[in-house]
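Chemist: Okay, predicted coordinates and the sequence, questions at the end:
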Amino acid sequence: MAEKLLAKGYTTGTCAQAATKAAMQMLLTGNRCEKVQIELPQGSKLVLDIQKIQMIYDEKKQILPVEVSCAVKKDSGDDPDITNGVLVYSKVVRNSNGSMILDGGRGIGRVTKPGLDQKVGEAAINRVPRQMILKEVREACEEVGYTDGITVEISIPEGERLAAETFNPRLGIEGGLSILGTTGIVEPMSEQALIDTIRVEMKVCLADRHRYLIVAPGNYGLDFLKAQYGIEDSEIVKCSNYIGQTLDMAVEMECDGILLAGHIGKLIKVSGGIMNTHSKWADCRMELLAAAALRGGLTGKKASSLLDCVTTDDALEKCTENERMLVMQQVMEKIEEYMNYRTGGKLMTGAVTFSNVYGILGKTNQAEALIYHFRKERGL
């Protein structure tokens, strides 16, 4: 049986663009608009339904409204997006200063850190959606010969609540969601979208001329770094399973150094050159520990016993304190070797690994130096 194709959806940027086009038509013609066709950034066309229409008139009951608000319902297709089904509103109002003003209202985040798509203090409406929204405003004005100004406000009433489930708070976008999209279309289950999010987080952490990064695959690493070194989550890049891509991007961004901190259950894979640590790509945790045990001088019987363990903590429990030290010395040497190989020696690399049972298990040669440089340039 052929694999079912996943349905595509459209972005919050597309919703904002369509809602703005409809609102502008109603503001400048007075005609109710319940369906609108827009052109997406790559040139394709899309027809969307318009909801929650409000046309407000002044006391003189003039033919044309003075303010129009309407919404488009977000459809993420088969992508598991928390914004699926939310209403994205656009409110348009005439102004007398002759300029086009675009801002975010309720549920749209504000940028609070440098390094993002928009400047600090601006609404989190990214560059391409911003261009497409303003394009609709210009074209609507030109069509009827309107020459005064227009103020556009984009809002997502549920945005502040939903933003808590996104990367926005970590990225320094506060108070709501971002209006996103480069093509206008949501590609379901996009791995690239996750990597792009990591890239943005790296840029935020490298803002203000910072040149050193600390990255952690998940919450275990974040908690460890805070408890052990007093480094807050907001200073750390959460790289998920994409360790190789994160190292590639660090080279691309010309970092001076990068430190990887994580639980042994995750980082043991890096000691085998496995740079995507998701279980669907590779496991080999026990095989790698057994190999490290042999290189460290442990007996074949002890190394073989590790292969039957389910977790890395179980395997380490079979070792004495001295045996754990010998095993982890080999593991850290291999992690350092593969990190340097992936980055081509173009920046300092280091790693710290730990266990929830045994605490810090090992550090590479440059780990403490990287922590020192990271803390120094951030005044920690």
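Modeler: Okay, I see it.

Chemist: Okay, residue 287 and residue 294: tell me how far apart.
Modeler: From residue 287 across to residue 294, the span is 11 Å (C-beta to C-beta, to the nearest Å). Where C-beta positions appear, they are placed from N, C-alpha and C, glycine not excepted.

Chemist: what does residue 54 give?
Modeler: Separation of residue 54 from residue 294 (C-beta to C-beta): 72 Å.

Chemist: which one of those two has more residues nearby?
Modeler: For residue 54 versus residue 294, neighbours defined as other C-beta atoms under 10 Å are more numerous around residue 294 (17 against 14).

Chemist: I figured the more buried one was touching residue 302, is that so?
Modeler: No. If you go by C-beta atoms under 8 Å, residue 294 and residue 302 don't touch, sitting 9.1 Å apart.

Chemist: measure residue 211 to residue 258 for me?
Modeler: Applying C-beta to C-beta to residue 211 and residue 258 gives a distance of 10 Å.

Chemist: Residue 265 too?
Modeler: Applying C-beta to C-beta, the value for residue 265 to residue 258 is 21 Å.

Chemist: Which one's more surrounded, those two?
Modeler: Set side by side, residue 265 and residue 258 show more neighbours around residue 258, with 29 against 18, by other C-beta under 10 Å.

Chemist: Confirm that the more buried one lies within a strand, as I assumed.
Modeler: Yes. With DSSP: H, G, I helix; E, B strand; the rest coil as the criterion, residue 258 is part of a strand.

Chemist: Identify the residues contacting it.
Modeler: Residues near residue 258 by C-beta atoms under 8 Å, 6 or more residues apart in numbering: 212-215, 246-247, 250, 343, 347-350, 370.

Chemist: Kindly recompute the last result at 7 Å.
Modeler: With contact set as C-beta atoms under 7 Å, 6 or more residues apart in numbering, residue 258 has these partners: 213, 215, 247, 250, 347, 349.

Chemist: partners of it in the sheet?
Modeler: Beta bridges link residue 258 to residue 213, residue 349, judged by DSSP bridges.

Chemist: okay, the contacts of residue 258 in a markdown table with distance to residue 77 next?
Modeler: Converted to a markdown table, these look like this (distance: C-beta to C-beta, whole Å):
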| residue | distance to residue 77 |
| --- | --- |
| 213 | 34 |
| 215 | 31 |
| 247 | 32 |
| 250 | 32 |
| 347 | 39 |
| 349 | 39 |
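
Chemist: Among those residues, which pair sits farthest apart?
Modeler: Between any two of the contacts of residue 258, the greatest separation by C-beta to C-beta is 12.6 Å, found for 215 and 347.

Chemist: Mind checking which of the two has more residues around it?
Modeler: Ranked by neighbour count (other C-beta under 10 Å), residue 215 and residue 347 place residue 215 first, with 26 against 21.

Chemist: May I ask you to confirm that that one belongs to a helix?
Modeler: No. Counting by three-state DSSP, residue 215 is located in no helix; its state is strand.

Chemist: Surely it is in contact with residue 235?
Modeler: No. If you go by C-beta atoms under 7 Å, residue 215 and residue 235 don't touch, sitting 10.9 Å apart.

Chemist: anything in contact with each of those two?
Modeler: Listed as contacting both residue 215 and residue 235 by C-beta under 7 Å, 6+ apart is no residue at all.

Chemist: Can you name every helix or strand that the strand or helix carrying residue 291 contacts?
Modeler: Residue 291 is part of helix 285-295 when elements are defined by DSSP states H and E. Judged by 3 or more C-beta pairs under 7 Å, 6 or more residues apart in numbering; DSSP states H and E, helix 285-295 is in contact with helix 300-306, helix 312-317, helix 321-343.

Chemist: Least reliable of those by average pLDDT, please.
Modeler: Looking at the helices and strands packed on helix 285-295, the lowest mean pLDDT belongs to helix 312-317 (a mean of 89).

Chemist: which residues are in contact with that one?
Modeler: Applying C-beta under 7 Å, 6+ apart, the contact partners of helix 312-317 are 264-265, 268, 285-286, 289, 306, 309, 324, 355, 357-358.

Chemist: ok but residue 365 is inside a helix, no?
Modeler: No. Going by three-state DSSP, the assignment for residue 365 is coil, not a helix.

Chemist: residues making contact with the least confident helix or strand in the chain by mean pLDDT?
Modeler: Lowest by mean pLDDT, DSSP states H and E among the helices and strands of the chain is strand 185-186, with a mean of 73. Residues from elsewhere that reach strand 185-186 (C-beta under 7 Å, 6+ apart): 8-11, 40, 76-77, 79, 81.

Chemist: so how far is it off the chain centroid?
Modeler: Chain-centre distance of strand 185-186: 16 Å, with C-alpha atoms, centre = their mean, to the nearest Å.

Chemist: So which other helices or strands are in contact with the helix or strand following it?
Modeler: Note on strand 185-186: by DSSP H and E, the next helix or strand toward the C-terminus is helix 191-205. The contact analysis (3+ C-beta pairs under 7 Å, 6+ apart) places helix 191-205 against helix 168-171, strand 237-238, helix 243-252.

Chemist: can I get those in a markdown table with mean neighbour count, mean pLDDT and distance to residue 195?
Modeler: Listed next are these as a markdown table, based on neighbours: other C-beta atoms under 10 Å; pLDDT from 0 to 100; distance: least, C-beta to C-beta, whole Å:
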| stretch | mean neighbour count | mean pLDDT | distance to residue 195 |
| --- | --- | --- | --- |
| helix 168-171 | 20 | 79 | 15 |
| strand 237-238 | 21 | 92 | 12 |
| helix 243-252 | 20 | 97 | 5 |
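
Chemist: Tabulate these (CSV), appending distance to residue 117.
Modeler: Formatted as CSV, the helices and strands packed on helix 191-205 follow (distance: least, C-beta to C-beta, whole Å):
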stretch, distance to residue 117
helix 168-171, 10
strand 237-238, 17
helix 243-252, 16
